[in-house]
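*Asks:* sequence unknown, structure follows:
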């Protein structure tokens, strides 16, 4: 599947982060580089986001990219390098 086809596949992306996290900054830079508009949820500013992250992904580690596929399947992707690789593969 080409990058254009991947990008066309409807999915919802949400990034769980906090501002001073150096690994989150790396992901923010990739998002900016690719010109993506991804919802960002700061777990330090909103306790409910921290709870969502723990309940959904199993831990409060950031950055975490929550991916909801068009068929409803959910994936919680941790590690900045894995997130950046995913973004590059699907939207680069």
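*Replies:* Sure thing, it's come through. Every value quoted in this text rests on a predicted model; they were computed, and no experiment measured them.

*Asks:* Low-confidence stretches in the protein?
*Replies:* For the chain, the stretches flagged by pLDDT under 70 are 1-10.

*Asks:* Determine which residue lies closest to the centroid of it.
*Replies:* When Cα atoms, centre = their mean is applied to the chain, the residue found nearest the centroid is residue 65 (2.3 Å).

*Asks:* right, and that one touches residue 83 too?
*Replies:* Yes - judged on Cβ atoms under 8 Å, residue 65 makes contact with residue 83 at a distance of 4.7 Å. Using the backbone N, CA and C atoms, a C-beta is placed for each residue, glycine as well.

*Asks:* which stretches of the chain form strands?
*Replies:* Ranges of strands in the chain, per DSSP state E, are 11-17, 39-42, 64-69, 74-78.

*Asks:* okay, those strands in CSV with distance to residue 49 next?
*Replies:* As requested, those are exported to CSV (distance: least, Cβ to Cβ, whole Å):
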stretch, distance to residue 49
strand 11-17, 6
strand 39-42, 4
strand 64-69, 10
strand 74-78, 13
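
*Asks:* among those strands, which is nearest residue 90?
*Replies:* Evaluated over these, closeness to residue 90 peaks at strand 11-17, with 8.2 Å, by Cβ to Cβ.

*Asks:* hmm, who's touching that closest one?
*Replies:* 24, 27-28, 31, 36, 38-43, 49, 52-53, 57, 62-70, 83 (Cβ atoms under 8 Å, 6 or more residues apart in numbering).

*Asks:* can you state the direction angle for it and strand 64-69?
*Replies:* Here strand 11-17 runs at an angle of 170 degrees relative to strand 64-69 (axes from the mean of the first three to the mean of the last three Cα atoms, to 10 degrees).

*Asks:* gap between residue 13 and residue 87?
*Replies:* 8 Å (Cβ to Cβ, to the nearest Å).

*Asks:* joint contacts of the two?
*Replies:* Taking Cβ under 8 Å, 6+ apart as the criterion, residue 13 and residue 87 both touch 36, 65.

*Asks:* intersection of neighbour lists for residue 65 and residue 83?
*Replies:* Listed as contacting both residue 65 and residue 83 by Cβ under 8 Å, 6+ apart are 15, 27, 77.
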